[in-house]
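S.K.: Mind looking at a prediction? Sequence and model below.
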Amino acid sequence: MNTKIEVLLSQKSNGRYPTCYVMANDMIQSHTIDCPIWVQFDLDLEKNSVINFSIEHYGKTDVEYKDDQDTAVIIEEIRLNGISRPEFVWKGKFYPTYPIWEQDQGSIDTGYLGFNGTWKCQFTVPIYTWIHKTLDFGWIYD
């Protein structure tokens, strides 16, 4: 089943642009976010397959944790087969790698990747069934 995943990424930067890996199962793309960018994956998977989708922000230095020097990757929007809803971003969890001076707070429900770390979400195929269940459209025949 053909599944298209698109994610719109932007950034916050005062100097160095943030870097990230965007991954869908075994496919990986590397990006430096210097302006808003759409990242796209076209997958052809069997019914009931799982898509492990993630975005890893890496390379943030200690200096970039200061308020006036913050560097972040921002997940603005996710489109699944052309369908976009704000809820799609909130279905994922961000697992930060906290700096030594920051208390570990566990995972965060956010699309703002202000720490080094990985935002993760799982989708199932067919994607329309996942959308239906995620948006709680009611009963569906599987």
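M.R.: Yep, that arrived. In this text the structure is predicted, and so the values were computed from the model without any measurement.
S.K.: Against Asn116, how distant is Val50?
M.R.: 26 Å (Cβ to Cβ, to the nearest Å). No exception for glycine: its C-beta is placed from N, CA and C like everyone else's.
S.K.: all helices for the protein, in order.
M.R.: 86-90, 127-134 (DSSP state H).
S.K.: Strands of this structure, start to end?
M.R.: 2-12, 19-24, 27-32, 37-44, 50-58, 72-80, 83-84, 93-96, 112-113, 117-124 (DSSP state E).
S.K.: Out of those strands, the one nearest Trp139 is which?
M.R.: strand 117-124 (17.2 Å; Cβ to Cβ).
S.K.: what's the neighbour count on Thr118?
M.R.: Thr118 has 20 neighbours, counted by other Cβ atoms under 10 Å.
S.K.: Disregarding residues adjacent in the polypeptide, which is nearest to it?
M.R.: Glu56 (4.5 Å; Cβ to Cβ, 6 or more residues apart in numbering).
S.K.: what pairs with that neighbour across the strands?
M.R.: Beta bridges link Glu56 to Tyr21, Thr118, judged by DSSP bridges.
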